[in-house]
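Undergrad: Okay, predicted coordinates and the sequence, questions at the end:
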Amino acid sequence: MTGRPRPPGGSRRPHRGQAPKGAAAGRRATERRPPGARDTARRQPRGLGGEQIEGRRAVRELLAAGRRRTRDVWLAEGMDDSPLLAEIRLLAAERGVPLRTVDRSRLDAESRTEVPQGVLAHAEALPEVDLDAMSRRSAGGPSPFLVVLDGVTDPHNLGALLRTAEGAGSTGAVLGRHGAAHITPTVAKAAAGAIERLPMAMIPSVPAGLAELARHGVWTVGLDSKAETSLFGLALADQPLALVLGSEGRGLARLTRQRCDLVVAIPSVGTLASLNVAAAGAVACFEVARQRLALSY
């Protein structure tokens, strides 16, 4: 980490002998795939995925963003009118996307989520963004604020984290290519359209990705419920920054933790040891957003 000032509060690197326990997610926050979930690992694409979108909000955002080509939209027969469905029909017409009204049983057979809300769409895969490009500040844009996910496997958690990151003003999300959830229909539905707005990169190795971010001057901050330094004392929000969250079971992997410039914890005043990874990510993302907003006034 040469060429960058010492972070406020001094070095927060963990002791090498300290066991990586639980990250922000915590060891006790074991999250399981909901019973009956229809996204399966064997269907996991090699790239980001996102070819099938289900749920009214997610399909609406797919059409509204217009970032990739939508092949068609399926609507189940007999649905009541709603403002969101009216928007979907209007946006599809404006973009020349075929609308197909199908029998409910056919739509349910095609769907890969438990509750597609009578709407699904087929689209091109989500475009991947190069990590190098995400590490740089765009002209007139904010300083990079990335969220790096190291092995998050629960699609609901991943979707919630992407939705949170987009809402907090993150400039991009970085996902590991292996051993983690990709953008399945369940993830897309939980993200509620965030995948259409948030640039995303996939990398073969999270530790190697952190090293690349460091070469570009991006501070990497890992979340670990056992860290001694508080997230709320972090004064790097105006700097190029990447929040690093570990998996639901083990938290940050050993090498990932070692590659982080800082490791911080979310202070807890309750009795439970840690937060769910999606909840921890929300707290951390909006702490960065809060500091950035304060600096903008």
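TA: Nice, thanks for sending it over.
Undergrad: Reduced to three states, what does Gly179 come out as?
TA: Recorded secondary structure, Gly179: coil (DSSP: H, G, I helix; E, B strand; the rest coil).
Undergrad: what separates the residue lying closest to it once chain neighbours are set aside from Gly222, distance-wise?
TA: Nearest residue to Gly179, sequence neighbours excluded (C-beta to C-beta, 6 or more residues apart in numbering): Gly151, at 5.3 Å. (Glycine included, C-beta is placed from N, CA and C.) Using C-beta to C-beta, to the nearest Å, we find Gly151 at a distance of 13 Å from Gly222.
Undergrad: neighbour-wise, which of these two wins?
TA: Ranked by neighbour count (other C-beta atoms under 10 Å), Gly151 and Gly222 place Gly222 first, with 31 against 24.
Undergrad: Please enumerate the helices of the stretch 51-200 of the chain.
TA: 56-65, 83-95, 104-110, 131-134, 155-167, 185-191 (DSSP state H, counting those that start in this stretch).
Undergrad: tell me the contacts of the most centrally placed residue in the chain?
TA: Nearest residue to the geometric centre of the chain (C-alpha atoms, centre = their mean): Leu162, 2.9 Å. Residues near Leu162 by C-beta atoms under 8 Å, 6 or more residues apart in numbering: Ala173, Val187, Ala191, Ala194, Ile195, Leu198, Met200.
Undergrad: do that again at 7 Å, thanks
TA: By C-beta atoms under 7 Å, 6 or more residues apart in numbering, the contact set of Leu162 is Ala173, Ala191, Ala194, Ile195, Leu198.
Undergrad: what's the farthest-apart pair in those residues?
TA: Farthest apart among these by C-beta to C-beta are Ala173 and Ala191. That separation is 10.0 Å.
Undergrad: Quick check on these two: which one has the bigger neighbour count.
TA: Under the criterion of other C-beta under 10 Å, the comparison of Ala173 against Ala191 puts Ala191 first, with 31 against 24.
Undergrad: close enough to count as contact, that one and Ala165?
TA: No: checked against C-beta atoms under 7 Å, the pair Ala191 and Ala165 is beyond contact range at 9.3 Å.
Undergrad: Quick check: pLDDT value at the residue lying closest to Leu131 once chain neighbours are set aside.
TA: Nearest residue to Leu131 in three dimensions, chain neighbours excluded: Ala201, at 4.6 Å (C-beta to C-beta, 6+ apart). Listed pLDDT for Ala201 reads 97.
Undergrad: Of all the helices of the stretch 51-200 of the chain, which one is nearest Pro240?
TA: Among the helices of the stretch 51-200 of the chain, helix 131-134 comes nearest to Pro240, with 10.2 Å by C-beta to C-beta.
Undergrad: Next, the buried residues of the closest one.
TA: By 16 or more other C-beta atoms under 10 Å, the buried positions in helix 131-134 come out as Leu131, Met134.
Undergrad: Check the model's average confidence along that helix for me.
TA: For helix 131-134, the per-residue pLDDT averages 95.
Undergrad: follow-up on the earlier one: burial count for the residue nearest to Leu131?
TA: 21.
Undergrad: To what extent is Thr153 buried, counted in neighbours?
TA: Residues lying near Thr153 (other C-beta under 10 Å) number 18.
Undergrad: so who does it touch?
TA: Under the criterion of C-beta under 7 Å, 6+ apart, the neighbours of Thr153 are Ala180, Ala181, Ser247, Glu248.
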